[in-house]
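S.K.: Starting from these lines, generate the structure:
(one chain, ligands or ions: 1)
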Amino acid sequence: MKKTINILSFIVSVNILTTQSVFAFPQFEKFVAEHSGKPVNCAMCHANDAGPIGNDPGQLGSLTKAEMEKVNLARLALKPGQKVDSPILNKFGNHIIESIGTEKFTQLLAKPEDLAKELGNQSDLDKDGIPDAQEYLDGTDPLNKLNGDPSKLFVINVQRNAWLLIYMAVSLYFIYFGLTNILKYYKLNKG
Ligand SMILES: [Ca+2]
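M.R.: Numbering: from 1, shown residues only. Predicted structure coming up:
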């Protein structure tokens, strides 16, 4: 009897894992890690750092029936342009499905390097100036404006603050000019 229960438990476990594995796509994570040379985990697209499989918050085993329906609705968003709100995905993950649809996404499993091209450069979810697609290639967090390629962030910040930098340079020049003239005035009066 005990042996039968163990076998049944094993079959149920395998079945759950097989079903859940449909939701995990390590191809993208592997590509980003190799392309960027940075350690990347599932948190780039998923709600949980460890991915969708498991029983922790943001993982399939912890979802309510209503949340599971949202997951299934996201899976059925075959074409681009459909609003999805899958609780196992983060904002970037949901944005990917909304932008390209699950049909194209599934095709990209064989070519994860093409995801950036499909996303285009219009969306910048964290508004740090680096498009989500570029952050995907760079292995940086598209949802954290403080996390981006340092050289790109530097150039973007210089461009964004160009007027402030010009204003500061002009101000410093006039301060220097004023101080120089004050010193000249005192020197002349002493002489
Ligand atoms: Ca960004």
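S.K.: Look at the residue nearest to the spatial centre of the chain and give its secondary structure.
M.R.: For the chain, residue 142 is the residue whose C-alpha lies nearest the centre (Cα atoms, centre = their mean; 2.7 Å). Reduced to three states with DSSP: H, G, I helix; E, B strand; the rest coil, the structure at residue 142 is coil.
S.K.: Can you report phi and psi for it?
M.R.: Phi and psi for residue 142, reported as degrees, to the nearest 10, are phi -70, psi 0.
S.K.: Any idea how many residues pack against the closest residue to residue 28 other than its chain neighbours?
M.R.: Nearest residue to residue 28, sequence neighbours excluded (Cβ to Cβ, 6 or more residues apart in numbering): residue 112, at 4.7 Å. Yep, even glycine has a C-beta here, placed from its N, CA and C like the rest. Residues lying near residue 112 (other Cβ atoms under 10 Å) number 19.
S.K.: Over to residue 183?
M.R.: 10.
S.K.: The residue nearest to the centre of the chain touches residue 125, doesn't it?
M.R.: Yes: the criterion here is Cβ atoms under 8 Å, and residue 142 meets it with residue 125 at 5.4 Å.
S.K.: Tell me who's in contact with residue 65.
M.R.: Contacts of residue 65 were listed using Cβ atoms under 8 Å, 6 or more residues apart in numbering, and none were found.
S.K.: how near is it to residue 71?
M.R.: 11 Å (Cβ to Cβ, to the nearest Å).
S.K.: How much space separates residue 122 from residue 58?
M.R.: For residue 122, the distance to residue 58 - Cβ to Cβ - is 27 Å.
S.K.: Then residue 161?
M.R.: 37 Å.
S.K.: which one of those two has more residues nearby?
M.R.: residue 58 (21 against 12).
S.K.: Got phi/psi on residue 51?
M.R.: Here is the backbone geometry of residue 51 (degrees, to the nearest 10): phi 90, psi -180.
S.K.: and what of residue 46?
M.R.: In terms of degrees, to the nearest 10, the main-chain angles of residue 46 are phi -100, psi 160.
S.K.: Likewise for residue 59?
M.R.: Given degrees, to the nearest 10, the pair of backbone angles that residue 59 has is phi -110, psi 160.
S.K.: what number of residues lie near residue 117?
M.R.: Count around residue 117 with other Cβ under 10 Å applied: 12.
S.K.: To which secondary structure element type does it belong?
M.R.: At residue 117 the chain is in helix, as set by three-state DSSP.
S.K.: Roughly how far does it sit from the ion?
M.R.: Counting by Cβ to the ion, to the nearest Å, the gap from residue 117 to the ion is 17 Å.
S.K.: Repeat that for residue 181.
M.R.: 47 Å.
S.K.: Report the rounded mean pLDDT for the strand or helix carrying that residue.
M.R.: Per DSSP states H and E, residue 181 falls inside helix 162-190. In this model, helix 162-190 carries a mean pLDDT of 88.
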